[in-house]
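Asks: need a 3D model of the following:
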Amino acid sequence: MLQRPVQITLTSHDATARLAAALAPILGAGDTLLLSGGIGAGKTHFARALIQSLLPEPEDVPSPTFTLVQVYDTPDFEIWHSDLYRLSHADEVVELGLPDAFETALCLVEWPDRLGNLAPRSALSLDFALDPVEGVRQLALDWSTPAWAARLDGVLDAVA
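Replies: Here you go, the predicted model:
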């Protein structure tokens, strides 16, 4: 069983996309991924690749920087992709409807620090960091719900 946190080196944009595609089959309604890291660290690239791998037909996946939330329909559940960078207070998260979406959709949340105490305890955290080597990212995956270790076991081996 995996021990947390898990550290992964992503050597390219393609490696990030492969990780997203490998995670996609184990995700569903009620799952939340908290995507943190600085600007340009790979959060949106990861989210786009994940969303594209779950959609039945290819679709444009813009960054939700200005819309705050983009919603996508899959045959089995909705995907809510949110970018909370521009929020100034956790109350705005409630206005967006995210607490309800945490229960019914797959939620990808960029800048999760803006959630405050509204962040789901069952979330999987992905912390992206730029590496000094051009194009390389370091990723730390962490969780508090033990079920993530079993769900991720084997999936991460495919991209390591």
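
Asks: so Val109 sits in a helix?
Replies: No - Val109 is assigned strand when assessed by DSSP: H, G, I helix; E, B strand; the rest coil, not a helix.

Asks: so it is in contact with Leu87, correct?
Replies: No - counting by C-beta atoms under 8 Å, Val109 does not reach Leu87; the two are 10.9 Å apart. Every residue, glycine included, has its C-beta placed from N, CA and C.

Asks: so between the two, which is more surrounded?
Replies: Taking other C-beta atoms under 10 Å, Val109 and Leu87 do not tie; Val109 has more neighbours (30 against 19).

Asks: show me what contacts the more buried one?
Replies: With contacts defined as C-beta atoms under 8 Å, 6 or more residues apart in numbering, the neighbours of Val109 are 32-35, 82, 84, 98, 115, 119, 123.

Asks: just the ones of these in helices?
Replies: In this view, the contacts of Val109 that belong to helices under DSSP state H are Leu98.

Asks: could you tell me which of the contacts of Val109 are located in strands?
Replies: Per DSSP state E, strands hold the following members of the contacts of Val109: 32-35, 82.

Asks: out of those residues, which is most surrounded?
Replies: Each of the ones in strands among the contacts of Val109 was scored for neighbours by other C-beta under 10 Å, and Ser82 scores highest at 27 neighbours.

Asks: for it, which non-adjacent residue is closest in space?
Replies: Val69 (4.6 Å; C-beta to C-beta, 6 or more residues apart in numbering).

Asks: rewinding a little: in CSV: the contacts of Val109, plus pLDDT and distance to Asp91.
Replies: Output for the contacts of Val109, formatted as CSV (pLDDT from 0 to 100; distance: C-beta to C-beta, whole Å):
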residue, pLDDT, distance to Asp91
Thr32, 98, 19
Leu33, 98, 23
Leu34, 98, 19
Leu35, 98, 21
Ser82, 97, 15
Leu84, 95, 12
Leu98, 96, 11
Leu115, 94, 11
Ala119, 95, 14
Ala123, 97, 20
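
Asks: and the strands in the protein?
Replies: With DSSP E as the criterion, the chain has strands at 6-10, 32-36, 69-73, 78-83, 106-110, 124-130, 137-143.
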